[in-house]
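Visitor: Here's a sequence, model it:
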Amino acid sequence: MEKRIISKFDIERLKSEGQTVLHLEPGDTLTPLARDTALELGIKLEDSREPIHGSAPAPTTAPAPSADKLEAIVKAVLERLGPAGQPETCPPCSTPKVYGTRPGQLKLAKYPQDADMPSSPLIDKDGVRRDPPEIDFRLLDVITMDDSASISGGFMSWHKGPGFSWTLNYDEIDYVVEGRMEITCEGKTLVADRGDCVFIPKGSAVHWNTPTWTKIFYVTFPSNWTEQINS
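Guide: Numbers count the residues shown, from 1 in each chain. Next up is the predicted model:
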């Protein structure tokens with residue numbers, strides 16, 4: 001008899017065909033994922049295969065724990081809860097930080113005005129400025145390594161002009177807050193308008209431009225993206 005290897009896809013096909021029972025014949029092999037899929041989809045397995053020599057059939061139900069074992073489990077739980085029945089205090093750990101505009105929050109993270117963002121010339125690893133002064137490139141970091149974050153985020157903007165070229169040694173996501181952003185990579189130009197989100201993978205050599213003016217919210221990984229420039 002021809003041996004069959006039955007996968008989850010075979011189970012899904014039986015379900016799509018309206019079958020409710022799968023007959024397993026000697027020589028058939030049913031993958032663990034196929035068994036789980038059959039249980040999930042309500043496919044009954046009728047197994048007429050011989051048990052493997054030297055192995056015992058798997059029990060259909062787990063044996064109930066003994067009274068002594070139950071007592072030991074309860075005792076362990078009570079010891080963990082402590083004398084007052086309170087769980088142990090977890091060790092200090094990192095907690096989410098809230099960024100916003102309400103009083104008492106950590107940082108001002110509303111969309112900044114162009115004038116609120118400092119001019120930040122883009123200097124590459126060779127010390128060459130990559131953004132022409134006339135485009136007035138501005139950058140405002142919001143989330144940085146100071147926040148013990150593995151990613152960073154902030155705002156950047158620039159005006160119409162020749163644009164600037166950059167090679168990314170980090171992953172970056174750009175969300176267009178205002179205006180239009182144009183990215184040219186490998187001879188193709190991608191246009192992103194307000195509300196569009198763009199992913200630029202590490203290693204990309206791109207040219208950024210805008211026909212008027214644009215403001216971007218960016219996220220980079222890792223957070224020390226400026227150090228990656230010189231790597």
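
Visitor: Can you show me the helices along this protein?
Guide: Here the chain has its helices, by DSSP state H, at 8-16, 32-41, 67-81, 225-229.

Visitor: mean pLDDT for these: which is lowest?
Guide: Ranked by mean pLDDT, the helices of the chain bottom out at helix 225-229, with a mean of 62.

Visitor: Surely E172 is in contact with G203?
Guide: No: at 11.2 Å, E172 and G203 do not qualify as touching, with contact defined as CB atoms under 8 Å. Where you see a C-beta, it was placed from the backbone N, CA and C, and this is true even at glycine.

Visitor: Between these two, which is the more surrounded one?
Guide: Using other CB atoms under 10 Å, the more surrounded residue of E172 and G203 is E172, with 20 against 10.

Visitor: Quick check: pLDDT value at that one.
Guide: At E172, the model reports a pLDDT of 93.

Visitor: Who does it form a beta bridge with?
Guide: For E172, the beta-bridge partners under DSSP bridges are I200, T220.

Visitor: That one and P162: what is the separation?
Guide: Distance, E172 to P162, by CB to CB, to the nearest Å: 21 Å.

Visitor: Over to P133?
Guide: Taking CB to CB, one finds P133 at 11 Å from P162.

Visitor: One more: S223?
Guide: Taking CB to CB, one finds S223 at 30 Å from P162.

Visitor: Look at the two and report which has more neighbours.
Guide: Between S223 and P162, counting by other CB under 10 Å, S223 is the more crowded of the two (22 against 11).

Visitor: wait, that one sits on G154?
Guide: No: in this structure, S223 is not within contact of G154 by CB under 8 Å, at 10.7 Å.
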